[in-house]
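Participant: what's the 3D shape of this:
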Amino acid sequence: MKLDVKELYQNINMYMNKEVILQGWIRNHRKQKDFGFIDFHDGTYFKSVQVVYDNKIKNFDDITKYHIGSSIMVKGKVIESPAKGQLFEIQAADIILEGDCPEDYPIQPKRHSREFLREQAYLRPRTNLFQAVFRVRSVAAMAIHEYFQSHGYVYVHTPLITTTDCEGSDQMFKVTTLDLNNLPIKEGSVDMSKDLFGKQAYITGTGQLHGEAFALAFKKIYTFGPTFRTENSNTKVHANEFWMIEPEIAFCDLEGLMNIEEEMLKSVVNYVLDKCESEIEFLDKFVEKGLKEKLTKLVNSDFVRISHHDVIDILKSAKVKWEFTPSYEDDIAKEHEKYITEYFNCPVFITNWPKDIKAWYMKLNDDGKTVAAVDLEVPGAGELMGGSEREADYDKLRSRMKEMNVQYEPVEWFCNLRKFGGCYHSGFGMGFERLLIYLTGVENIRDVIPFPRTPGNCEF
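Facilitator: The predicted structure follows:
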């Protein structure tokens, strides 16, 4: 019977001493004079299977020449393994070559650098590291959907092409069907009325604004999809294409939002710990020592809630020589994030940020100086989520837009949501890859995205 390796591992007692058929790839191949061992992997389970064959098998000489990376079909019996640390192996009766692989196949059974594997992004999913990373990615995505669906949220597919400028048009990719070698010019500028949409359009940098429209109809919604920024940044945590989770909740204030953020994050981390035991153990051993303990500790922590002003008080009183001086008017630096999470020894919600460093759609607090915004800082990773209570007052929103030079026309519909049965509401955004960096211990965003898009890099 045809089986996946996952099914074999999970029901080994059922298949012991039975004939099975497996289809997959050769990870390693050790050949002796009269027998051989194949490290067999089919991608359905993190662990591989040892296939043993001897010179009684037909085409023995041909099988000994099968190369690493080749795809094969194995027919054989599941038997107890005499090898230490291995419960079973396959005693092969037949091994059929499905797809050969040349000897210069780049993914050989040795340790490759992550930089090298980025150059082989179409092959790197075949390595242990990326089997673990991308399995965790898949499971974490499912965990996110499980959480929101089980809590009554509607999943909204917000548009990837938009005329709404939320993050600043200088950070958004422009979309056009115009011939770049023969642009229509009117009064010294490109005549966008000749373009497909009749106006300037962008690839979205966030699904938030459209999500708010649906939150004021369904009460609780979330978006989960790709977003794009033109930021020319080569840090380990920035990419030009990445995925975002963005819930929006009507009749929810800042305190309620933090409750949701904490519950959701704990649920996702716990789900991954439960479903990816082998992957987490591998990552704990080879990528980040103490990873499992870190994740387990987060699930069992009570998150601290503290204002930006009080955080600055703590930083200023700390006996630390800061590279960047803490300021009541400014954002906090990476060194500050690290100190605060170590100071409290748990994840920290920082609330009520200076209005001048936050977005135009955030609710202005009664002090007129801060907005009802919150960032979640987690130990070892820094900022993981950012959210706010949204400004529900039409006049205050328009005033903030003027103050921050935000054009009204592209977001008139968004402002009108405050006129037509508006209510207090809140939402947050979490970069999916930031979460994956935290879950896997792999510190570079290029290694948690299947095919990374970063400045100077758009391969494959």
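Participant: so what does the residue lying farthest from the centre of the chain look like in phi/psi?
Facilitator: Relative to the centre of the chain, and counting by C-alpha atoms, centre = their mean, the farthest-placed residue is Lys56 at 48.8 Å. For Lys56, the backbone dihedrals (degrees, to the nearest 10) come out as phi -80, psi -20.
Participant: and the pLDDT for it?
Facilitator: Predicted confidence (pLDDT) for Lys56: 93.
Participant: same question for the one 10 residues further on.
Facilitator: Looking at Tyr66, its pLDDT is 96.
Participant: could you look up the SS state of it?
Facilitator: coil (DSSP: H, G, I helix; E, B strand; the rest coil).
Participant: go on, Ser233?
Facilitator: coil.
Participant: just give the closest residue to it, not the sequence neighbours.
Facilitator: Using C-beta to C-beta, 6 or more residues apart in numbering and skipping residues adjacent in sequence, the residue nearest Ser233 is Pro455, 7.1 Å away. In this view, the C-beta of every residue, glycine as well, is placed from N, C-alpha and C.
Participant: count of neighbours near that neighbour?
Facilitator: 13 (other C-beta atoms under 10 Å).
Participant: contacts only, for it.
Facilitator: The contact partners of Pro455, by C-beta atoms under 8 Å, 6 or more residues apart in numbering, come to 232-234, 240.
Participant: the residue farthest from the centre of the chain and Pro379, how far apart?
Facilitator: 57 Å (C-beta to C-beta, to the nearest Å).
Participant: can you get me a residue count around Ile72?
Facilitator: 22.
Participant: that one falls within a strand, correct?
Facilitator: Yes. If the criterion is three-state DSSP, then Ile72 is within a strand.
Participant: quick check: it touching Tyr66?
Facilitator: Yes. In this structure, Ile72 is within contact of Tyr66 by C-beta atoms under 8 Å, at 6.6 Å.
Participant: which neighbours do those two have in common?
Facilitator: 26, 38, 95, 97.
Participant: tell me what the third one is bridged to.
Facilitator: Partner residues in beta bridges with Ile95, using DSSP bridges, are Val74.
Participant: burial count for it?
Facilitator: Neighbour count for Ile95, taken as other C-beta under 10 Å: 25.
Participant: need the contact list for the nearest residue to Tyr105 once chain neighbours are set aside.
Facilitator: Nearest residue to Tyr105, sequence neighbours excluded (C-beta to C-beta, 6+ apart): Gly69, at 4.1 Å. By C-beta under 8 Å, 6+ apart, the contact list for Gly69 reads 25-26, 101, 105, 107, 126.
Participant: what helix or strand is the nearest residue to Lys18 once chain neighbours are set aside located in?
Facilitator: Excluding the flanking residues, the one nearest Lys18 by C-beta to C-beta, 6+ apart is Val78, at 5.8 Å. Following DSSP states H and E, one finds Val78 within strand 71-80.
Participant: Provide the contact partners of the helix or strand containing Leu298 at residue level.
Facilitator: Assigned by DSSP H and E, Leu298 falls within helix 291-299. With contacts defined as C-beta under 8 Å, 6+ apart, helix 291-299 is touched by 265-266, 269-270, 272-273, 280-281, 283-284, 288, 346-347, 378-380, 439-441.
Participant: same question, stretch 45-57
Facilitator: Residues contacting stretch 45-57 (C-beta under 8 Å, 6+ apart): 4-6, 8-9, 22, 27, 34-41, 60, 63, 74, 76, 81, 83, 86, 88-95, 128, 131-132, 135, 278-279, 282.
Participant: mind listing what the host helix or strand of Met244 pairs with, with the direction of each?
Facilitator: When elements are assigned from DSSP H and E, Met244 belongs to strand 241-250. Looking at strand 241-250 with DSSP bridges, its partner strands are strand 220-228 (antiparallel), strand 425-431 (antiparallel).
Participant: list the buried residues of the first one.
Facilitator: The neighbour-count criterion (16 or more other C-beta atoms under 10 Å) identifies 220-225, 227-228 as the buried residues of strand 220-228.
Participant: pull the distance from it to the chain's centre.
Facilitator: 12 Å (C-alpha atoms, centre = their mean, to the nearest Å).
Participant: average pLDDT across it?
Facilitator: 96.
Participant: would you map the helices across the chain?
Facilitator: Here the chain has its helices, by DSSP state H, at 5-10, 12-15, 60-63, 114-119, 128-150, 208-218, 254-275, 277-286, 291-299, 308-317, 334-344, 394-403, 412-416, 432-440.
Participant: which residues touch the fourth one?
Facilitator: By C-beta under 8 Å, 6+ apart, the list of residues contacting helix 114-119 from outside reads 123-124, 127, 129-130, 444, 446-447, 452.
Participant: what is the nearest of those residues to Ser399?
Facilitator: Set against Ser399, the nearest of the contacts of helix 114-119 by C-beta to C-beta is Pro452 (40.4 Å).
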